[in-house]
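Novice: coordinates only, sequence not included:
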C-alpha cells in the first residue's frame, strides 16, 4: 500500500512511468469489472480506455485520505459504464447491461450471454448497487474498503447491501430451480 | 478452489446474518451457481499494451534530473593508488541521456516493474541498414569448411569447436568425436568441397496464421551516458599527488572491474550497460606433461559427473539471483541449456558446468538469435559443488521502444521461412529430397546488433519476428537448429529482397561435427595414427574420391 501511495504521488508530480505501474496493477481488474457489467468485449475496451484516460487527467485530484486508489479507480469505471448506457438512451434507468430488457441489448458476446443466462433474470432483481457489490465481492474478491470507495459508501453500508442482495437472490429464485441447481452441481 | 471460495463466502454471510444458516442448502447452490456463471473476461494483451503506450507517452516531460551522485546513499571513495572503489550502483536509478530520445527530458527510473521509454516511430533508423548483408553471397560460401565457418557456428547458436565460455559446451565429447586438435587444423586447411550436396527442403505444415498488427515495437536497451562521465569526473578530480588526472578532461569510464576475495569478479560494462560476474578461481599449473605414471595422471583426471535434474539447476540459479536481488522483471521462465546433448546423444559425458538461461522477454515474447538460440541472462552452475560459477547479461531493465512497420502478408513470411529463413547457413542433407517440417509460428523478438550508431558503439535491438518450430529435427542428423526465425519488420525484409540473387541462394553444405575429412596429400602424422573406425567414401563433386575416416 505504501508503494502505491508513493507511485500516486509521483504520478501527481508528472511521472508517467509511475502511472504506467499503476496501470499494470489495475488494468485487468478494471477491464473485468467493466466487462462483467457490459458483457461485450469492444464496449469494455472502449470504456476501459476512457477510465484510464480520465484517471490520468484527474490524478491530481485524487486524495488518499478519502479512498483507496483502487476504490477511486473503480468509481470512475462504474460512472463511465453508467454514462455509456445513459447516453445510449435505450431505456430509462439503465446503468449497465443487466438493466437492459431482453432484446434491447444488441451488443453482447455470445459466450458471456450463455454464461450468465441462468442467473441474469435474478440479478436483474437487484438494484445496481447491490449487483455491483455482488460482482465485486463474489466475482472479483475485492475487500469492503475498495468496494466502499467505488460506491462512495461506508464499509458497513456495503456489507449490509451485500447481505441484502444475497438474501434477495435467495428469496427470488424459486425452490424448484434450486432443485435443478443442486442436481446440476 | 471453487469449494474454498464457496466456504469463504458462506462464512462471511453467516457472520453478517446468522439467520442465513437456516438456508444453507439454497445458499450453497446459489453461490456455486454465481461462481460458475462468472463470464470469461480475458483482456486482449495487444489492447492493453497499446493503451498503456498511449497513456504513458502522452504525459508531460520530466522537469528535473536525478543523478545518483547527488544521493547521499551513493558515495564512493578513491584512496591512495585507486586500490579500492566503493561504488554502490543503486539498482534502477540513473538518468537517460536526452540524445537517445526524441525530445524526452531526463527521466527518473523507478526501482520496480518493467520500464519502457516510448520513442517516436522509426527512432532507431533504418533496420535494413542495421542488419547489413543478409543472404550470403557466393564468395563467402567458399570459406565454409574453414575455421571462419566453424566460428560462424557460434553466431547461429551452435557451439563452436573450441569455443570458450558460456558453459555446458561438451568439449570432451567434441574432442573425442573429432579426434584431436590436429584434426581441427586439418579441417581448417582443407579447401571446401561440398561433402553433402543436397539442400534441405522446408515445408510449412502448421495452422492458418494471421498477422494482425501493422506496427509493432522494436526495443533497445537504454544506456546512460551521463553515468560514465560522472564517474570519470569524480575520479579525475581526485588529487593523487603523483599525477594530475584533471588534465584528462572529457574522459568517461568504459568499464569497472571489482574483485572480491574468495568471492566473485564483477564487471560493470558501462558501454553496453551490463554487469557480468564470475567466481574467483585459484589457477595452478597442471604439470600433466611431467607425469610419468598412470597414478600421476589419474590425479588430474576430471571426475565424472552425473546429470542433475533441471529443477535442481534452476533452483540453484534462482537462489543465487535472489541473494543479490538481481532484477528478473524482463526475463521469462528459466530453462536449462541442454543443447550440448544434441551433438553427442550417445555419449554419457556430462559437462561439469551447466547453464540456466533466463530468457529475455518483452510482453511474454522471448528473444532469440536469428538461428533460434535463446537470448537472456545466463547463470552457470558448477556441478562439483552446485555453486554458481558465473552470471552474465545482467542489466538495468530500462528499454526504449519505437514502432516500426510490420509485414502483415503471412505468405511473404512463409516464403522466406520455407527457404530456410534469412540467414541460411545449414549443413547439407545426406539424402536428396529431405524435408524439414515447420510448425505454426509464435511471435518472438529477434536479437540484432546495431553497429550503425554515429559513435561506433554497438547497440542491441530486439526486432519482432516469427519463430517457426522445426518439428522433425530429431530425424535429421545435420539439422541442429530447433526453429527458423523470420523478422517481421518490413525494413529488414525489403533489404533481404534486394540482396537475393535472381535464382535464389542455395545453402552450401558442410560436414557435420563429428566427422573428419582427410584429403589426399600429406596429412598430419599424429592425426593419422591411432585412429579407429571405418573408412567412408565421399565425393567432392568434381569426380575425385576422397577417403574419409569417421571417428567413433
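Specialist: Thanks, I have it. Keep in mind that what you see is a predicted model, and the values were worked out from it rather than measured.

Novice: list the buried residues of whichever strand or helix holds residue B:234.
Specialist: For residue B:234, the enclosing helix or strand under DSSP states H and E is helix B:225-236. By 16 or more other CB atoms under 10 Å in any protein chain shown, the buried positions in helix B:225-236 come out as B:225-233, B:235-236. To be clear about C-beta, it is placed using only N, CA and C from the backbone, and glycine gets the same treatment.

Novice: let's have those in TSV, adding pLDDT and distance to residue B:330.
Specialist: Formatted as TSV, the buried residues of helix B:225-236 follow (pLDDT from 0 to 100; distance: CB to CB, whole Å):
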residue	pLDDT	distance to residue B:330
B:225	67	21
B:226	69	22
B:227	72	20
B:228	77	22
B:229	77	26
B:230	76	25
B:231	80	25
B:232	83	28
B:233	81	30
B:235	84	31
B:236	84	34
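
Novice: what's the residue of chain A found nearest chain B sitting at in phi/psi?
Specialist: Nearest residue of chain A to chain B: residue A:16, at 3.2 Å (CB to the nearest CB). In terms of degrees, to the nearest 10, the main-chain angles of residue A:16 are phi -70, psi -30.

Novice: was I right to think it contacts residue B:54?
Specialist: No. Assessed by CB atoms under 8 Å, residue A:16 is found out of contact with residue B:54, at 10.9 Å.

Novice: these two: which has the busier surroundings?
Specialist: residue A:16 (22 against 14; other CB atoms under 10 Å in any protein chain shown).

Novice: I'd like to know how far that one sits from residue B:231.
Specialist: 28 Å (CB to CB, to the nearest Å).

Novice: with residue B:223 instead?
Specialist: In terms of CB to CB, residue B:223 sits 14 Å off from residue B:231.

Novice: please, which helix or strand holds residue B:218?
Specialist: Residue B:218 belongs to strand B:215-221, assigned by DSSP H and E.

Novice: where in chain A is pLDDT low?
Specialist: Along chain A, segments meeting pLDDT under 70 span A:1-2, A:89-93, A:101-107, A:115, A:174-185.

Novice: same check, this time on the stretch 201-350 of chain B
Specialist: For the stretch 201-350 of chain B, the ranges with pLDDT under 70 are B:224-226, B:282-292, B:296-302, B:342-347.

Novice: number of nearby residues for the closest residue to residue A:60 other than its chain neighbours?
Specialist: Excluding its sequence neighbours, the residue lying closest to residue A:60 (CB to CB, 6 or more residues apart in numbering or on different chains) is residue A:12, at 5.2 Å. Neighbour count for residue A:12, taken as other CB under 10 Å: 14.

Novice: most centrally placed residue in chain A?
Specialist: residue A:33 (4.2 Å; CA atoms, centre = their mean).

Novice: in what helix or strand does the residue lying closest to that residue once chain neighbours are set aside lie?
Specialist: Excluding the flanking residues, the one nearest residue A:33 by CB to CB, 6+ apart is residue A:77, at 5.8 Å. Element membership for residue A:77, per DSSP H and E: helix A:69-88.

Novice: and the helix or strand following that helix, how far out from the chain middle?
Specialist: Next along the chain after helix A:69-88, taking DSSP H and E as the criterion, comes helix A:110-123. Remark: helix A:110-123 is offset 16 Å from the chain centroid, using CA atoms, centre = their mean, to the nearest Å.

Novice: for stretch A:76-85, same thing?
Specialist: The answer for stretch A:76-85 is 9 Å, by CA atoms, centre = their mean.

Novice: can you pull the buried residues of it?
Specialist: A:76-78, A:80-82, A:84-85.

Novice: and stretch B:432-449, by the same measure?
Specialist: Buried, per 16+ other CB under 10 Å, within stretch B:432-449: B:434, B:436-439, B:441, B:443-448.

Novice: ends of it, what's the gap?
Specialist: 36 Å (CA to CA, to the nearest Å).

Novice: the nearest residue to residue A:139 once chain neighbours are set aside in helix, strand or coil?
Specialist: Excluding the flanking residues, the one nearest residue A:139 by CB to CB, 6+ apart is residue B:38, at 4.8 Å. Secondary structure, DSSP: H, G, I helix; E, B strand; the rest coil: residue B:38 is coil.

Novice: show the pLDDT at residue B:38.
Specialist: Looking at residue B:38, its pLDDT is 87.

Novice: with the one 3 residues further on instead?
Specialist: According to the model's per-residue confidence, residue B:41 sits at a pLDDT of 87.

Novice: surely it meets residue A:31?
Specialist: Yes. The pair residue B:41 / residue A:31 is scored as a contact, 7.0 Å apart, by CB under 8 Å.

Novice: return every residue with contacts to both of the two.
Specialist: Taking CB atoms under 8 Å, 6 or more residues apart in numbering or on different chains as the contact rule, residue B:41 and residue A:31 both touch residue A:44.

Novice: mind checking which of those two has more residues around it?
Specialist: Neighbours were counted for residue B:41 and for residue A:31 using other CB under 10 Å; residue A:31 has more, 26 against 22.

Novice: by how many degrees do the helix or strand hosting the more buried one and helix A:110-123 diverge?
Specialist: Assigned by DSSP H and E, residue A:31 belongs to helix A:16-38. Here helix A:16-38 runs at an angle of 70 degrees relative to helix A:110-123 (axes from the mean of the first three to the mean of the last three CA atoms, to 10 degrees).

Novice: now helix A:16-38: buried residues?
Specialist: A:16-23, A:25-27, A:29-38.

Novice: related to what we said a few turns ago, distance of the residue nearest to residue A:60 from residue A:49?
Specialist: From residue A:12 to residue A:49 the distance is 21 Å (CB to CB).

Novice: ok, now residue A:31?
Specialist: 10 Å.

Novice: and for residue A:76?
Specialist: 12 Å.

Novice: please apply the same query to residue B:18.
Specialist: From residue B:18 to residue A:49 the distance is 45 Å (CB to CB).

Novice: neighbour count winner among these two?
Specialist: residue A:49 (17 against 9).

Novice: where does that one land in three-state SS?
Specialist: Residue A:49 is classified as helix under three-state DSSP.

Novice: tally of neighbours for the closest residue in space to it that isn't next to it in sequence?
Specialist: Counting by CB to CB, 6+ apart, residue A:49 lies nearest to residue B:51, which is 5.6 Å off, once chain neighbours are set aside. Residue B:51 is flanked by 20 other residues according to other CB under 10 Å.

Novice: distance check, residue B:51 against residue A:77.
Specialist: Counting by CB to CB, the gap from residue B:51 to residue A:77 is 14 Å.

Novice: quickly list what's touching both of the two.
Specialist: Counting by CB under 8 Å, 6+ apart, the shared contacts of residue B:51 and residue A:77 are residue A:48.

Novice: residue B:317: how many residues sit nearby?
Specialist: 24.

Novice: where's it, which helix or strand?
Specialist: helix B:310-323.

Novice: right, and chain A sits closest to which residue of the stretch 351-500 of chain B?
Specialist: For the stretch 351-500 of chain B, CB to the nearest CB, closest residue to chain A: residue B:398, 9.3 Å.

Novice: please name the bridge partners of that residue.
Specialist: Beta bridges link residue B:398 to residue B:115 when assigned by DSSP bridges.

Novice: any idea how far residue B:489 is from it?
Specialist: 22 Å.

Novice: again, but for residue B:23
Specialist: Taken as CB to CB, the span from residue B:23 to residue B:489 is 62 Å.

Novice: okay, those two: which has more neighbours?
Specialist: When neighbours are counted by other CB under 10 Å, residue B:23 and residue B:489 differ, and residue B:489 comes out ahead with 26 against 16.

Novice: quick one, what contacts that one?
Specialist: Contacts for residue B:489 (CB under 8 Å, 6+ apart) come out as B:127, B:218, B:404-407, B:463-464.

Novice: ok, now with 10 Å
Specialist: Under the criterion of CB atoms under 10 Å, 6 or more residues apart in numbering or on different chains, the contact list for residue B:489 reads B:126-128, B:130-131, B:215-216, B:218, B:404-407, B:446, B:448, B:461, B:463-465, B:495.
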